[in-house]
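Asker: only geometry, no sequence info:
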């Protein structure tokens, strides 16, 4: 007799007339597989059929509508350790071969040859006395995410066995039914990173996967608020270095209890109330700062915590004056992210933090990184941000942001004569801001990189980098540090402009292992950092091109001082006269290359000289006379004299009146 889908899946209309048939056998001896289940499902599971193999391994599923289907051969109900599979030989639905059916069609030959699975067996006892442990749940987790895990439970004598495992590696975990014994991974590990994997081979049994469970440890205590000692609503968790994790709720009276295996843990006290700060043991805000605790079998450890109250940094995030929902606002301290919040539909956010001083930034939005990161107050970089100070007894309001569309930078880092290793290259984006290069973003790569983008497809019209002038620097172990344009230093790097909404591509760098020393830049020195107007100043310099004529000027309003010619060794020296008409204050002596494009300057303070002055002369360079700087000094002196005369007359009149 043949069991078919026609028995349980009746056609809904005349078009549901398609049929598939096939034959199911065992791998190895080719014997038929009886009573295997056949599941036929459309892509969206709206059209389905089911059937069973007969004693000869044959089946037919009819009454199917036209469409595309997968076929699964399931062996869960027949035993024998055979593996279920999809047609044609696939272990998961995503890689299964589809079958397309048309009206009235019958497709034959949808056959399967089922593989014998592997098995794992063992025995679980108690370490202290060797007594068998019944009721222990054993979990078998395959390394492949496409495969389903399996479970077994130990019998009265502590033994277990699981069949029909797909060949591969498995992590085996033994979960004790009570807290008196600690859970364990094979072989004797108490965290999954330390666990030894078990290899399963098709058609073979892997015996001896035993466990000897040790006594569990207990961590307990009270969690209250520091303000009034009331119980905290929340939970307590313990995380081991090897990835183990266990948690328990805090009871209404503030008590908690955790059962853990031997090992080293970081313990976190989590509050469900945003006005009460979560923390790690002992009084730490982050896991990196937490004090680790180590427990041994059978130990009872008491850890209590008093959680501090939180204050809020609040504000609104706008874009072109309109609220930006789902914008991300972050708080930073010492370069570490210590808090994060999302803006609501009105652009409002609330960051709950302990008292302290923070750098606060915002960008948007969480699902589409279109708007550039901005620091408070309207700063493009963290180093220019206005710090936000939060007290312990009051919220800090009005920390607002008005974002702009940003951009991103993409490119490739290539190794010219070697391979990138380890983490690859570190690529840094530098923004020219406040007269210096400031780092704004970093990425690690062994090839292509993206700066200021999240990689999401939605981020096509913006990015996290503010518009402006940029360059990039690249560092990698074993290679010379290099900047855009092949420069060896940040000062010599080429730059490029990033416009709002722009994605700059092909910003590429090729790294080298043999570094080229940059040519030394021309430098200047003055005989004094201060000179009286009308006085002389001696200028010396080096690293100029041999024989190059160098023009000298006094800035900010350029006044020609004359020329010097560099010697064969690239040095020069000469004396210039500062015109007596130069106003007192800060100035710069500037050297300009007549043949090569460079500009070198050095600061100088010009002090006032009594009386007026005419034009000066140029020394050392043999140049012409200096330009007159105008009448600003004489006018100032005249006005001062007039003021003193008026003031004297006023005082004389006042004395006469008092007499």
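Answerer: Looks like it arrived, so ask away. Bear in mind the structure is a predicted one, so any value in this text is a computation, not a measurement.
Asker: And the helices in this protein?
Answerer: 632-658 (DSSP state H).
Asker: and stretch 424-438, how far apart are its ends?
Answerer: 23 Å (CA to CA, to the nearest Å).
Asker: Sorry, slip of the keys, the one I care about is stretch 195-205.
Answerer: 20 Å.
Asker: what pLDDT, on average, does it get?
Answerer: Stretch 195-205 shows a mean pLDDT of 93.
Asker: Distance from that stretch to the middle of the chain?
Answerer: 37 Å (CA atoms, centre = their mean, to the nearest Å).
Asker: Identify the residues contacting that stretch?
Answerer: Residues outside stretch 195-205 that contact it (CB atoms under 8 Å, 6 or more residues apart in numbering) are 28, 115-121, 140, 143, 165-173, 185-187, 189, 206, 209. Every C-beta, even on glycine, is put in place using the N, C-alpha and C of the backbone.
Asker: Strands - which of those residues land there?
Answerer: 118-121, 140, 165, 168-173, 185, 206 (DSSP state E).
Asker: Just the buried ones from the residues you listed?
Answerer: Using 16 or more other CB atoms under 10 Å as the burial test, those include 118-121, 140, 165, 168, 170-173, 185, 206 as buried.
Asker: Tell me the one among the residues you listed nearest to residue 292.
Answerer: residue 185 (20.3 Å; CB to CB).
Asker: which one is the closest one nearest to, not counting chain neighbours?
Answerer: residue 195 (3.6 Å; CB to CB, 6 or more residues apart in numbering).
Asker: how close does the one you found sit to residue 46?
Answerer: Distance, residue 195 to residue 46, by CB to CB, to the nearest Å: 42 Å.
Asker: quick one: which of these two has more around it?
Answerer: residue 195 (21 against 9; other CB atoms under 10 Å).
Asker: residues of stretch 548-563 that come out buried?
Answerer: 548-554, 559-563.
Asker: Mind putting those residues into TSV with distance to residue 390?
Answerer: Output for the buried residues of stretch 548-563, formatted as TSV (distance: CB to CB, whole Å):
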residue	distance to residue 390
548	58
549	60
550	55
551	55
552	53
553	51
554	49
559	52
560	56
561	54
562	59
563	59
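Asker: ok, how many other residues are close to residue 577?
Answerer: By the criterion of other CB under 10 Å, residue 577 has 21 neighbours.
Asker: ditto for residue 445
Answerer: Neighbours of residue 445 using other CB under 10 Å come to 19.
Asker: Bridged to the residue nearest to residue 555 when sequence neighbours are not counted, which residues?
Answerer: Take residue 555 and drop its neighbours on the chain: the residue closest to it by CB to CB, 6+ apart is residue 588, 4.6 Å away. Per DSSP bridges, the residues bridged to residue 588 are residue 555, residue 603.
Asker: From residue 574, how far out is residue 588?
Answerer: According to CB to CB, residue 588 stands 17 Å off from residue 574.
Asker: more neighbours, the two?
Answerer: Using other CB under 10 Å as the criterion, residue 588 and residue 574 rank with residue 574 on top: 22 against 14.
Asker: Now residue 167: closest residue in space that isn't a chain neighbour?
Answerer: residue 202 (4.6 Å).
Asker: Let me see the contact set for the closest residue in space to residue 143 that isn't next to it in sequence.
Answerer: In this structure, residue 143 finds its nearest non-sequential neighbour in residue 169, 4.7 Å apart by CB to CB, 6+ apart. Contact partners of residue 169, counting by CB under 8 Å, 6+ apart, are 142-143, 197-200.
Asker: Please identify the buried residues of stretch 432-452?
Answerer: Result for stretch 432-452 [16+ other CB under 10 Å]: buried residues 433, 437-438, 440-441, 443, 445, 449-452.
Asker: hang on, the earlier thing: which among the buried ones among the ones in strands among the contacts of stretch 195-205 gets closest to residue 481?
Answerer: residue 171 (42.8 Å).
Asker: Would you point out the most distant pair within the buried residues of stretch 548-563?
Answerer: 548 and 559 (21.7 Å).
Asker: and residue 383, how many neighbours does it have?
Answerer: 14.
Asker: Surely it touches residue 440?
Answerer: No. Counting by CB atoms under 8 Å, residue 383 stays clear of residue 440, with 9.6 Å between them.
Asker: Relative to residue 442, how far out is the nearest residue to residue 333 once chain neighbours are set aside?
Answerer: Once flanking residues are discounted, residue 333 sits nearest to residue 358: 5.7 Å by CB to CB, 6+ apart. Look at residue 358 and residue 442: by CB to CB, they are 21 Å apart.
Asker: Residue 225 now?
Answerer: In this structure, residue 225 and residue 442 are 39 Å apart, going by CB to CB.
Asker: now do residue 197
Answerer: Residue 197 is 36 Å from residue 442, by CB to CB.
Asker: Residue 308 and residue 383, how far apart?
Answerer: Here residue 308 is placed at a distance of 30 Å from residue 383 (CB to CB).
Asker: same thing with residue 290?
Answerer: 29 Å.
Asker: Surely residue 137 and residue 172 touch.
Answerer: No. Counting by CB under 8 Å, residue 137 does not reach residue 172; the two are 11.3 Å apart.
Asker: shared neighbours, the two?
Answerer: Counting by CB under 8 Å, 6+ apart, nothing touches both residue 137 and residue 172.
Asker: Pull the contacting residues for residue 179.
Answerer: Residue 179 neighbours (CB under 8 Å, 6+ apart): 216, 218, 259.
Asker: ditto for residue 319
Answerer: Contacts of residue 319 by CB under 8 Å, 6+ apart are 364, 371, 402-404.
Asker: Go through those and give me the one with the most neighbours.
Answerer: Going by other CB under 10 Å, residue 364 tops these with 29 neighbours.
Asker: Nearest spatial neighbour of it, chain-adjacent residues omitted?
Answerer: Residue 364 sits nearest to residue 327 (CB to CB, 6+ apart), 3.8 Å away.
Asker: Repeat that for residue 274.
Answerer: residue 352 (4.8 Å).
Asker: Assess the claim that that neighbour and residue 310 are in contact.
Answerer: Yes. Counting by CB under 8 Å, residue 352 touches residue 310, with 4.2 Å between them.
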